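**Student:** Got a sequence here, can you build the structure:
(2 chains)
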Amino acid sequence: MYSKEVEALIEKQVDDVRIVDDRCLFATSDKLRFENILHALRAQKVTHLSAITGVDTGNVVEVIYHFDCQPAELNLKIPLPKDDLKIPTITEIFPGAILYERDLMEMLGVKVEGHPDPRRLFLPDDWPEGVYPLRKEFREKSK
Amino acid sequence: MTFVVPIGPQHPALKEPEFFRFEVRGEEIVDVDIHLGYAHRGIEEAFSRRNYKHNIYLSERICGICNVVHSTTYCQAVEQLAGIKPPERAKYVRAIIMELERIHSHLLWLGIAAHQIGFNTLFMLAWRDREYVMDLREMISGGRVHSATNTIGGVRRDLKTEHIPTFLRGLEKLEQSTNYYIKLFESDRTILARCANLGVLSKEDAIKFCAVGPTARASGLKTDIRRDDPYGAYDALSFNVATEREGDVWAKGMVRLREILESIRIVRQAIKEMPGGPIRTRVDLQIPPNETVERTEAPRGELLYYIRSNGTEIPERVRVRTPTYGNFASMKSMFVGGTVAEIPIVIWSIDPCFGCNDRVTLVDSRTGKTRVVSFDELRRRRK
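**Tutor:** Numbers count the residues shown, from 1 in each chain, chains lettered A, B, ... in the order given. Take a look at the predicted model:
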């Protein structure tokens, strides 16, 4: 699917869509409609999740899912307020997300609900609880 | 009753640190757990503390072998953020050095794979031929491995006309030897006995676990970012995507060997069709708030950079998803059902690239349970 086709597919489930070019688009949605998008993508034979990125923007952590829709790359943003950092796992629909979700949990403190193996991935086992290295607070403290 | 065989973190098939915990019943592997992070250096955070110029050098140091593809992806992403286009000639120079990188990476893989299966002659031969590529890379960029050629807005060094004959001669030699290795892979008894039907990744699992690069292509998935989402000069260059169906170690090797031939074709084409003109443009590096995603095909597969700018000369966030990271999820299905003797070659079959430190696994001899203890705890126990 090219960007226009991806846009048509998820139009109703997202708030704003920014098409960069034929093969790249950004879209923002929320937790409630997230699952519908996943099922819609899966129904169109989108199987490849390139990565999951977490960005701390201050009061909100934006979780960005990068889906390869062959050839368009859909970058789906789900903003999560810092007082409710929870998102359901997508490993049932996209099993390849398993490591990216572990990464997201330890680096940004986003709780991925229902994750089959919620251990740490990269950080050492004696890393203190509740310290998330990609958060703004961590950056301020270590300056 | 199962036993645990810890492999690593020192030297698990290759000279890089990673820890694998295999659960075995007799000779058969029933489960595997991979501990990552021994080479975690906090590079993503380091990106957001340096300016765009310094980050070129940081991106090059994520991985020694694929430094060019890292810096190319980073530079392309920043170019896109800043809304500028590099000159055509620069795109071709980038394509040439990236393909040389692929050739040298695949030959390095072949050498170590040969060493893993006890075929040391092939190891020596492959690494001898790798020197031809290294010489070509040195000629074009001044560095055998680290090329430091890329910059935001183009490249820093040009391919000189007087270098082209030497270049073509080098490619000729590489082509001959690669054809010989392919013949060897098809007929040699040692290679077939040690590589065929081992570490099989089925096409279904490759899709399910989002495998990338030669690992996915060896399982019959026709995926290649150079073809699917062309960047730089790849739109204008023609090449085939090498795939195999078997999904075993043999297929992963064969895909890489055939890719070397394709890379040689690409370099020849690029040299022939290379336009003249400048090799870099000036860029204002105070980049207004924006975000972008850039994907490229590294020697090991899809490489993704996500960059967000914030109006200053320091990026807000840089996310790097390297191909090996993408392939780890699919590793379990390659091991389970196999035997202990095949562990090294199967680990090596995805061409992993990790970077080491502070933990040990203890197996309690009474209960058979294992757990990881930290360095501090170990020191306390010793007292």
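
**Student:** By proximity to chain A, which residue of chain B wins?
**Tutor:** residue B:210 (2.9 Å; C-beta to the nearest C-beta). The C-beta positions use only the backbone N, C-alpha and C, and glycine is treated the same way.

**Student:** Count the residues that sit near that residue.
**Tutor:** 25 (other C-beta atoms under 10 Å in any protein chain shown).

**Student:** Kindly report the same for the one 10 residues further on.
**Tutor:** Burial of residue B:220, expressed as a neighbour count using other C-beta under 10 Å, amounts to 17.

**Student:** hang on, isn't it packed against residue B:241?
**Tutor:** No - the pair residue B:220 / residue B:241 is not scored as a contact, 11.4 Å apart, by C-beta atoms under 8 Å.

**Student:** ok, back up a step: for the residue of chain B closest to chain A, list the residues it contacts.
**Tutor:** Residues in contact with residue B:210 (C-beta atoms under 8 Å, 6 or more residues apart in numbering or on different chains) are A:47-50, A:94, A:96-97, B:326, B:329-330.

**Student:** got the contact list for residue 51?
**Tutor:** Since you didn't name a chain, this refers to chain A. A:66, A:100, B:304, B:306, B:319, B:321, B:326.

**Student:** not quite, I wanted chain B
**Tutor:** B:285, B:313-314.

**Student:** Buried ones among these?
**Tutor:** Buried subset of those (neighbour count, 16 or more other C-beta atoms under 10 Å in any protein chain shown): B:285, B:314.

**Student:** Please identify the buried residues of the helix of greatest length in chain A?
**Tutor:** Counting residues, the longest helix found in chain A (DSSP state H) is helix A:31-43. For helix A:31-43, the neighbour count (16+ other C-beta under 10 Å) marks A:34, A:37-38, A:41 as buried.

**Student:** chain center to the helix or strand of chain A with the lowest mean pLDDT, what's the gap?
**Tutor:** Within chain A, no helix or strand scores below helix A:136-141, which has a mean of 84 by mean pLDDT, DSSP states H and E. Taking C-alpha atoms, centre = their mean, to the nearest Å, one finds the center of helix A:136-141 at 22 Å from the center of the full chain.

**Student:** Say whether chain B is contacted by that helix.
**Tutor:** Yes - contact of helix A:136-141 with chain B (C-beta under 8 Å from any C-beta of the partner chain) involves residue A:139.

**Student:** what are the ranges of the strands in the chain?
**Tutor:** Unless you meant another one, I'm taking chain A. A:16-21, A:24-28, A:48-56, A:60-68, A:73-81, A:86-88, A:111-113 (DSSP state E).

**Student:** wait, I meant chain B there
**Tutor:** Using DSSP E, strands in chain B cover B:3-7, B:19-25, B:28-35, B:150-151, B:154-155, B:290-298, B:301-309, B:317-321, B:359-363, B:370-374.

**Student:** between those strands, which gets the lowest average pLDDT?
**Tutor:** Least confident of the strands of chain B, judged by mean pLDDT, is strand B:359-363 with a mean of 38.

**Student:** so how many other residues sit close to the residue in chain A that chain B sits nearest to?
**Tutor:** Nearest to chain B in chain A, going by C-beta to the nearest C-beta, is residue A:96, at a distance of 2.9 Å. Residues within reach of residue A:96, counting by other C-beta under 10 Å, total 23.

**Student:** mind checking pLDDT for the residue most central in space within chain B?
**Tutor:** Nearest to the mean C-alpha position of chain B, by C-alpha atoms, centre = their mean, lies residue B:300 at 3.4 Å. For residue B:300, the pLDDT comes out at 91.

**Student:** quick one: it from residue B:65, how far?
**Tutor:** In this view, residue B:300 and residue B:65 are 9 Å apart by C-beta to C-beta, to the nearest Å.

**Student:** can you check residue B:38 too?
**Tutor:** Counting by C-beta to C-beta - residue B:38 and residue B:65 are separated by 18 Å.

**Student:** List the buried residues of stretch B:30-46.
**Tutor:** The neighbour-count check on stretch B:30-46 (16+ other C-beta under 10 Å) flags B:32-38, B:40, B:44-45 as buried.

**Student:** Leaving out sequence neighbours, find the closest residue to residue B:134.
**Tutor:** residue B:144 (4.5 Å; C-beta to C-beta, 6 or more residues apart in numbering or on different chains).

**Student:** Just give the number of residues close to the one you found.
**Tutor:** With other C-beta under 10 Å as criterion, residue B:144 counts 14.

**Student:** Would you agree it is in contact with residue B:138?
**Tutor:** Yes - using C-beta under 8 Å, residue B:144 is in contact with residue B:138, at 5.0 Å.

**Student:** hang on, the earlier thing: show me what contacts the residue nearest to the centre of chain B?
**Tutor:** Here residue B:300 is in contact with B:66, B:105, B:212-215, B:322-324, B:327, B:350-351, B:353 (criterion: C-beta under 8 Å, 6+ apart).

**Student:** Inside helices: which ones of those?
**Tutor:** Going by DSSP H, the helices hold B:105, B:213-215, B:323-324, B:327 from the contacts of residue B:300.

**Student:** quick one: low-confidence ranges for chain A?
**Tutor:** A:143 (pLDDT under 70).
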